[in-house]
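Visitor: okay, structure incoming, though there's no sequence with it:
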């Protein structure tokens, strides 16, 4: 048992996937037969029930169709919420807003709509608040059949590009919303319980997407957020309503510490200039410094390199640092080395960075490079004398 099956009935209470709403689930039960329905779809004008055979064999038989009530109810909550959402989006953003697609499941809803720019937090809060206001008002949700032309004359909202029959179903939420729709809905908006926007994003030019929760799923999400807030409050030794102030103070203290660390690191590195200069080796009568330094950011490395260049007017310096998971190279060339020997910092840093698998370039007196494998920093720095020899046009070896 448990084989996948598909059944078509002469009539059915199961809703087949359409208009963004997924199909019903439930059971079909006969005297000897039991089928667990996992999805309901349309095939032409037929409704196909997909599921697993739990008992018996498929054959002509009278069946009792049982739609999963909780699954249907949760889906209906999300579907009615999409109608309220579209109405309030048009209220807040303008009547240019139209549905461009949707997905309605028991777990959540997704609503795509036409709008030219991202919604700001104030607009999102306003839309969410207005939908929840309609929920608390417990407005009646009704439906009726009418002609397509009459529905259009009444200003009923239709899905752009959708083909409709001459007789259409209108779902009306009191005076808040009227839409052409064949899906399942709650009887009163109060059954939705709670509406919570999770995200708003762009999915194409002029098309935005909102994802949201309703009912129990929304309540559980709020519970999870509350749990996180209380855990953070405990970790930071603050009351939940004082978290913002506590975090602001911690960030300010962090910023001050980072500034002090940066100042100390920069000062420490600059005081190493004498050591760096003392480590210079001669390459064809040019003093060349090639060293790795410990810094916390690019700006600090550039400051050290600039100070090195001031003291190395007749030579070349190449400094490297591992910052985060990346590498950074800076090459400097003194005025005399540029004018009399034709060396360019951009050429040097390009070739040095290539040894580590990176790229580089820049101005004649100072240039930067980066990328590549941090473990190859020593190898790249060791290649500096050979690279300078080559750029000087002297490949016969080091003096």
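Guide: Received it, and whenever you're ready, just let me know what you need. Please read all numbers here as calculations on a predicted model, not as lab measurements. Residues are numbered from 1 along each chain as shown.

Visitor: where in the protein is the helix or strand with the lowest mean pLDDT?
Guide: Sorting the helices and strands of the chain by mean pLDDT, DSSP states H and E puts helix 273-278 at the bottom, at a mean of 76.

Visitor: elements contacting that one?
Guide: Packed against helix 273-278, as judged by 3 or more C-beta pairs under 8 Å, 6 or more residues apart in numbering; DSSP states H and E, are the following elements: strand 286-292, helix 298-311. Glycine gets a C-beta too; all of them are placed from N, C-alpha and C.

Visitor: direction included, what does the next helix or strand after the last one pair up with?
Guide: Yep, that's helix 298-311 we're talking about. For helix 298-311, the following helix or strand on the C-terminal side (DSSP states H and E) is strand 316-323. Here strand 316-323 has these sheet partners by DSSP bridges: strand 286-292 (parallel), strand 326-333 (antiparallel).

Visitor: so which residues make contact with strand 316-323?
Guide: 276, 283, 286-298, 301, 304-305, 308-309, 327-334, 337, 343, 348-349, 352, 374, 377, 380-381, 384, 388 (C-beta atoms under 8 Å, 6 or more residues apart in numbering).

Visitor: buried ones among the residues you listed?
Guide: By neighbour count, with 16 or more other C-beta atoms under 10 Å, the contacts of strand 316-323 hold 276, 283, 286-293, 295-296, 301, 304-305, 308-309, 327-334, 337, 343, 348-349, 352, 377, 380-381, 384, 388 as buried.

Visitor: show me the shaky parts of the stretch 151-300 of the chain.
Guide: 160-161, 265-271 (pLDDT under 70).

Visitor: including distance to residue 20, could the helices and strands packed on helix 273-278 go into JSON lines?
Guide: JSON lines is the format used below for the helices and strands packed on helix 273-278 (distance: least, C-beta to C-beta, whole Å):
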{"stretch": "strand 286-292", "distance to residue 20": "58"}
{"stretch": "helix 298-311", "distance to residue 20": "49"}
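
Visitor: pull the distance from whichever helix or strand comes after the least confident helix or strand of the chain to the chain's centre.
Guide: If you walk from helix 273-278 toward the C-terminus, the next helix or strand you reach (DSSP H and E) is strand 281-283. For strand 281-283, the separation from the chain centroid amounts to 52 Å (computed by C-alpha atoms, centre = their mean, to the nearest Å).

Visitor: look at residue 223 and give its secondary structure.
Guide: helix (DSSP: H, G, I helix; E, B strand; the rest coil).

Visitor: related to what we said a few turns ago, got the contact list for the least confident helix or strand of the chain?
Guide: 287, 289, 291, 304, 307-308, 311-312, 317.

Visitor: pull the most distant pair out of those residues.
Guide: 287 and 304 (16.8 Å; C-beta to C-beta).

Visitor: measure residue 28 to residue 345 for me?
Guide: 78 Å (C-beta to C-beta, to the nearest Å).

Visitor: please identify which of those two sits among more neighbours.
Guide: residue 345 (28 against 23; other C-beta atoms under 10 Å).

Visitor: would you map the helices across the protein?
Guide: Using DSSP state H, the helices of the chain run over residues 69-93, 121-136, 148-153, 215-235, 243-271, 273-278, 298-311, 335-341, 345-355, 377-382, 384-391.

Visitor: residue 207: which of those is closest?
Guide: helix 69-93 (12.8 Å).

Visitor: and the angle for the closest one with helix 215-235?
Guide: 70 degrees (axes from the mean of the first three to the mean of the last three C-alpha atoms, to 10 degrees).

Visitor: any idea what sits nearest the most centrally placed residue in the chain, other than its immediate chain neighbours?
Guide: Residue closest to the average C-alpha location in the chain (C-alpha atoms, centre = their mean): residue 201, at 8.5 Å. Excluding its sequence neighbours, the residue lying closest to residue 201 (C-beta to C-beta, 6 or more residues apart in numbering) is residue 209, at 5.3 Å.

Visitor: so the one you found touches residue 109, yeah?
Guide: No - Residue 209 lies out of contact with residue 109 (C-beta atoms under 8 Å); the separation is 10.9 Å.

Visitor: and these two? Which one has more around it.
Guide: residue 109 (27 against 18).

Visitor: let me see the contact set for the closest residue in space to that one that isn't next to it in sequence.
Guide: Once flanking residues are discounted, residue 109 sits nearest to residue 78: 4.0 Å by C-beta to C-beta, 6+ apart. Residue 78 sits next to 104-106, 108-109, 214-215 when contact means C-beta under 8 Å, 6+ apart.

Visitor: equivalent analysis for residue 9, please.
Guide: Residue 9 neighbours (C-beta under 8 Å, 6+ apart): 28, 47, 49, 63, 65.

Visitor: before we move on, back to that, closest to residue 6 out of the helices of the chain?
Guide: helix 69-93 (19.2 Å).

Visitor: what comes up buried for the closest one?
Guide: For helix 69-93, by 16+ other C-beta under 10 Å, it's 71-72, 74-90, 92-93.

Visitor: try stretch 363-378
Guide: Within stretch 363-378, the residues that count as buried by 16+ other C-beta under 10 Å are 365-370, 372, 376-377.

Visitor: for stretch 309-328, same thing?
Guide: Buried, per 16+ other C-beta under 10 Å, within stretch 309-328: 309, 312, 315-321, 323, 327-328.

Visitor: for those, which two are the farthest from each other?
Guide: Across those (C-beta to C-beta), the longest gap, 25.1 Å, separates 315 and 323.

Visitor: about what we covered before: how far away is the residue nearest to residue 109 from residue 309?
Guide: 65 Å.

Visitor: isn't residue 169 right up against residue 147?
Guide: No - contact criterion C-beta under 8 Å: residue 169 and residue 147 do not qualify, at 11.5 Å.
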